[in-house]
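Asks: Show me how the following folds:
(2 chains)
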Amino acid sequence: MVKEIERAGLPVVHMCTIVPISKTVGANRIVPTVAIPHPLGNPNLSKEDEKELRRKLVLKALKALQTPIKDQTVFED
Amino acid sequence: MMKVVHYINQFFGQIGGEEKADITPQLHEGVVGPGMALKNAFKGEADIVATIICGDSYFAEHQEEATKTILDMIKKYNPDVFVAGPAFNAGRYGTACGAVCKAVKEALNIPVVTGMYIENPGVDLYKKDAYIVLTKNSAVGMREAVPKMAKLALKLAKGEPMGSPQEEGYIPRGIRKNYIADERGSKRAVDMLVKKVNGEKFETEFEMPSFDRVAPNPPVKDITKAKIALVTSGGIVPKGNPDRIESSSASKFGKYDIDGVYDLTEATYETAHGGYDPTYANADADRVLPVDVLRDLEKEGKIGSLHRYYYATVGNGTAVASAKKFGAAIAKELIADGVDAVILTST
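Replies: Next up is the predicted model:
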């Protein structure tokens, strides 16, 4: 899906936990996430901390969308 | 008698389903689950001395650690061959089987065999590192897969020469072997060409790899004016799953209006995905589809706006052809709606 959206001409960032799979399917902007059943959350944190964690990840995704790249790029910290 | 160590996931290891996908590697003496069929297929020539069971999510999330633990477990048995799976079309399981096989081959120099469906992401990642027997896309294909894997494993354990992928039923590894052909190359090429012209079936002697890569699009110029859309393969749907998106092998995607929605709650949203433990997503679907945070950023002016609709499907054993179709259809609508960029989340 990521690849088809990119092919259609829209910049797209893939937020996922299993980065190798994302690379294989051909995502270009990749932001690694927390865990498979809760990529953008962590149930062990308080509600506030969890939302803060999610906000950081989403901001990272937005940064990825604003970054010019030539090849597949994993946006780590 | 030759010794085999077998790797399986928590499901085939009869420990549990997705709620147990986070278990750490466990060592069991002897046979567990599908190991019984494998052992029978060895017909007394080899025995499964140990079975290692690991949760699919645990492995995917802690690949390095898990691999190290598993290697230590295997070492002391000094097996003649290592078998993983078969994983069919299970993505995390296939990736784990491939990664463990690769590590065993590299670190311990023990031959390795696994089994997967052709669309399993583990195939592309590890086909060069392991013999991967081609299987059906679900455990329905167990009976067919096991004898093939057993045959290959025995051959490798005995150090017998390996036949071609077609003869042995494994996925081509990109290895070329020289052999003396009955006919010279020009004759074989012309024969092939004639067959092709006549529309007959022919077998190429050198399969060209198919690379389908899409170059990255230019970045968003001004994110504070951009309309951002959310798409997910994590199966987040309005409570009750109105479109009845299938929990695996999804045949469709859904489009959902989130006008006026500021937070996905337990009462309003859930996941339809059957490939991960739904507890956390059902309690708070923002953990998969971050609507709450994007609403905040919209209010703060950090993004232009969040698109009024989000799109969702279930990425669980879903055919690549279906995913392609969904992606293209979704992109077309998003462009027509003036969306500037997409965040796609996967579980």
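Asks: Excluding sequence neighbours, find me the nearest residue to residue 66.
Replies: No chain specified, so I'll use chain A. B:P219 (4.9 Å; CB to CB, 6 or more residues apart in numbering or on different chains). For every residue, glycine as well, the C-beta is placed using N, CA and C.
Asks: Chain B, not that one
Replies: In space, B:A66 is closest to B:F59, 4.7 Å off (CB to CB, 6+ apart).
Asks: host element of B:A50?
Replies: When secondary structure is defined by DSSP states H and E, B:A50 falls within strand B:46-54.
Asks: okay, now the residue nearest to A:Q66: neighbour count?
Replies: 16 (other CB atoms under 10 Å in any protein chain shown).
Asks: quick one: it from B:P121, how far?
Replies: 27 Å (CB to CB, to the nearest Å).
Asks: thinking again about what came up before, can you pull the buried residues of the strand holding B:A50?
Replies: Residues B:46, B:48-54 are the ones in strand B:46-54 that count as buried (16 or more other CB atoms under 10 Å in any protein chain shown).
Asks: just stretch B:217-233 next, same as before
Replies: B:217, B:219-220, B:223, B:226-233.
Asks: Repeat that for stretch A:38-57.
Replies: Applying a neighbour-count criterion of 16+ other CB under 10 Å, the buried positions in stretch A:38-57 are A:38-41, A:50-51, A:53-55, A:57.
Asks: Report whether that stretch contacts chain B.
Replies: Yes: judged by CB under 8 Å from any CB of the partner chain, stretch A:38-57 and chain B are in contact via A:38-41, A:43, A:50-51, A:54-55, A:57.
Asks: picking that back up, after the helix or strand containing the residue nearest to B:A66, next one along is what?
Replies: Using DSSP H and E, B:F59 sits within helix B:56-61. Once helix B:56-61 ends, the next helix or strand along the chain (criterion: DSSP H and E) is helix B:63-75.
Asks: What about the residue nearest to B:A66, how many residues nearby?
Replies: B:F59: 29 neighbours (other CB under 10 Å).
Asks: okay but B:V293 is in contact with A:L53, surely?
Replies: No: B:V293 lies out of contact with A:L53 (CB atoms under 8 Å); the separation is 9.7 Å.
Asks: Just the ones in strands from the buried residues of stretch B:217-233, please.
Replies: If you go by DSSP state E, these have B:227-232 in strands.
Asks: Can you tell me which of the residues of stretch A:38-57 next to chain B is nearest B:M192?
Replies: Set against B:M192, the nearest of the residues of stretch A:38-57 next to chain B by CB to CB is A:P39 (47.8 Å).
Asks: distance of that closest one from B:A99?
Replies: Counting by CB to CB, the gap from A:P39 to B:A99 is 20 Å.
Asks: which stretches of the chain form helices?
Replies: Because you didn't say which chain, this covers chain A. Here chain A has its helices, by DSSP state H, at A:2-8, A:19-25, A:47-65.
Asks: wrong one, chain B
Replies: Going by DSSP H, chain B shows helices at B:35-41, B:56-61, B:63-75, B:91-103, B:121-126, B:142-158, B:165-168, B:185-197, B:279-283, B:291-299, B:320-336.
Asks: which one of the ones you listed lies closest to B:G115?
Replies: Relative to B:G115, the nearest member of those by CB to CB is helix B:142-158, separated by 4.7 Å.
Asks: which of the residues in the closest one are buried?
Replies: For helix B:142-158, by 16+ other CB under 10 Å, it's B:142, B:145-157.
Asks: same deal with stretch A:7-25?
Replies: Buried positions in stretch A:7-25, judged by neighbour count with 16+ other CB under 10 Å: A:7-8, A:10-25.
Asks: for stretch B:253-263, same thing?
Replies: Neighbour count says stretch B:253-263 has B:253-254, B:256, B:258, B:261 buried, by 16+ other CB under 10 Å.
Asks: Looking at the residues you listed, which is nearest chain A?
Replies: B:F253 (8.5 Å; CB to the nearest CB).
Asks: Now do the contacts for that closest one.
Replies: By CB atoms under 8 Å, 6 or more residues apart in numbering or on different chains, the contact list for B:F253 reads B:245, B:311-313, B:326, B:329-330.
Asks: what does B:Y7 give?
Replies: B:51-54, B:70, B:82-85, B:96-97, B:100.
Asks: Pairing partners for it in the sheet, please.
Replies: Beta-bridge partners for B:Y7, by DSSP bridges, are B:I52, B:A84.
Asks: re the thing from before, do you know the pLDDT at the residue nearest to A:Q66?
Replies: Note for B:P219: predicted pLDDT of 97.
Asks: for chain A, where's the lowest mean pLDDT among helices and strands?
Replies: In chain A, no helix or strand scores lower on mean pLDDT, DSSP states H and E than helix A:19-25, which sits at a mean of 91.
Asks: how about it as CSV, C-alpha atoms only?
Replies: The C-alpha atoms that make up helix A:19-25 are tabulated as CSV, following Å, rounded to 0.1, in the frame of the first residue of the first chain:
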residue,chain,number,x,y,z
VAL,A,19,11.5,-2.3,9.8
PRO,A,20,13.0,-5.1,7.6
ILE,A,21,9.5,-5.9,6.3
SER,A,22,8.9,-2.2,5.5
LYS,A,23,12.2,-2.1,3.6
THR,A,24,11.3,-5.2,1.6
VAL,A,25,7.9,-3.9,0.6
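Asks: name the helices or strands packed onto it?
Replies: Here helix A:19-25 touches helix A:2-8, strand A:29-32, helix B:91-103, helix B:121-126, going by 3 or more CB pairs under 8 Å, 6 or more residues apart in numbering or on different chains; DSSP states H and E.
Asks: Not including adjacent chain positions, what is the nearest residue to B:R295?
Replies: B:R295's closest residue in space is B:Y262 (CB to CB, 6+ apart), at 4.7 Å.
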